[in-house]
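K.L.:
need a 3D model of the sequence below.
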Amino acid sequence: MRLFESYVIWTMLALAIAQPARAQTLNQALANAYLNNPTLRAAQVELRRVDEQVPQARAGWRPQAEVTGGGALSQGGRTLTSRWSLPA
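P.N.:
Numbers count the residues shown, from 1 in each chain. The predicted structure follows:
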């Protein structure tokens, strides 16, 4: 009987000392994974790099315009000409 009592006392002591498990919300668990998982960190860096290229890729699909003009003025046998261009 002494062995059983000893077992019960040690079990109760262990349960009293043991730390309770901390519950996390799903958002906390995901945030913890994003901050501490090197694979996820590398994927975030790659995503950021790709996201920075999106405006450049879209710019190729936008319309482009180029304006060219010129003029001439004649007075007293002299002619003054001007040409200009505004590239896209």
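
K.L.:
partner strands of the helix or strand harbouring residue 83, parallel or antiparallel?
P.N.:
Residue 83 is part of strand 78-86, with elements assigned from DSSP states H and E. Neighbouring strands of strand 78-86 in its sheet, by DSSP bridges, are strand 67-75 (antiparallel).

K.L.:
and the helices in this structure?
P.N.:
Along the chain, counting by DSSP state H, helices occupy 2-17, 26-36, 38-59.

K.L.:
mean neighbour count added to those, as CSV?
P.N.:
(Each C-beta comes from the backbone N, C-alpha and C, glycine too.) Below are the helices of the chain laid out as CSV (neighbours: other CB atoms under 10 Å):
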stretch, mean neighbour count
helix 2-17, 9
helix 26-36, 10
helix 38-59, 10
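
K.L.:
and residue 79, how far from residue 85?
P.N.:
20 Å (CB to CB, to the nearest Å).

K.L.:
try residue 23
P.N.:
Distance from residue 23 to residue 85, by CB to CB: 69 Å.
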